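Visitor: Quick check, what structure comes out for this input:
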Amino acid sequence: MSEPNSPTSNERLARALARVDIWRGFKLDAATATTTEPTGFTALDATLRNGGWPEDGLIDLALQSNGSEWLLWLPWLQNQMRAGHTIALINPPWLPYASSLIQSGLLLDQLLIVTPQTTAQWLACWRDVAQAKVCSGVFAWANTLSYPELRKCHLLASEAKGIYAIHRPWLSQRQSSPAALRLGLGWQNGALQCQLLKQKGCVAGQQVPLQPPASIAALWQEFSPNTQPATANSTEHAPRSNVLAFNQDNVQVQG
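Guide: The predicted structure follows:
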């Protein structure tokens, strides 16, 4: 027999369902609403829940080839730079090209680039940046992560609030992921296509052709399928051996 003031089974269930890490499909009331940031792509905003990038968890992207993700993120990154926010890049597959970043409206002194040597270091970087809560966006690249490792990343992203994205190889979409949003990004018939693999609380499976906004239209042609580079980092978490010096007046590579 239960105590007089003990919660009933219905009350315990209600408390459990109110947790931020528990959600029910097709339940889009105020209790499960989340803040979002516009992507910069009208068609993609119209497809994503609440009209933009979710700030309540991990975004997991499967890439056909490295490089196209910059086109996807560039409109959002430009807005963040204008607002004075800092962005972290963890284990980018190539050394970001300073001149192109500057021409694209990205400020070097607002970029933090980290090149971990092992998976353990990679996870520690993600944890430290998320817990510091000084970056409005964290973008990481990884070849192999287990489901428990992805879950840790997702929980840290949920607590930090911001845009937290992991970029993985195309075949990673076969693996289960706890991410709030999963996307596949690749070129089809000369157009960049974004496929919604999973979306928290909404139907997924849509194919969204991306049309470049005016702010990045000039860069779009540089990433045509004929110029896509081969996938970088053939070994797990193999970073470049040098890092970029963030002095915009004297950009240099330090060994």
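Visitor: contacting residues around stretch 202-213?
Guide: 26, 28, 40-44, 47, 49, 71-72, 75, 182, 191-198, 219-220 (Cβ atoms under 8 Å, 6 or more residues apart in numbering). To be clear about C-beta, it is placed using only N, CA and C from the backbone, and glycine gets the same treatment.
Visitor: Quote the end-to-end distance of it.
Guide: Chord length of stretch 202-213, first to last residue, is 26 Å (Cα to Cα, to the nearest Å).
Visitor: First-to-last residue distance for stretch 161-181?
Guide: 14 Å.
Visitor: buried residues in it?
Guide: 162-169, 172-173, 177-181 (16 or more other Cβ atoms under 10 Å).
Visitor: closest to Trp94 among the residues you listed?
Guide: The closest of the buried residues of stretch 161-181 to Trp94 turns out to be His167 (Cβ to Cβ; 12.2 Å).
Visitor: what about Asp45, which SS state?
Guide: Following DSSP: H, G, I helix; E, B strand; the rest coil, the label given to Asp45 is helix.
Visitor: Tally up the residues packed near the closest residue to it other than its chain neighbours, please.
Guide: Excluding the flanking residues, the one nearest Asp45 by Cβ to Cβ, 6 or more residues apart in numbering is Gly51, at 4.8 Å. For Gly51, the neighbour count with other Cβ atoms under 10 Å is 13.
Visitor: show me what contacts Gly51?
Guide: Taking Cβ under 8 Å, 6+ apart, one finds Thr36, Pro38, Asp45 in contact with Gly51.
Visitor: okay, those residues in CSV with distance to Thr119 next?
Guide: Below are these laid out as CSV (distance: Cβ to Cβ, whole Å):
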residue, distance to Thr119
Thr36, 30
Pro38, 33
Asp45, 34
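Visitor: Can you add pLDDT and give the residues you listed back as a markdown table?
Guide: Below are the contacts of Gly51 laid out as a markdown table (pLDDT from 0 to 100):
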| residue | pLDDT |
| --- | --- |
| Thr36 | 91 |
| Pro38 | 94 |
| Asp45 | 94 |
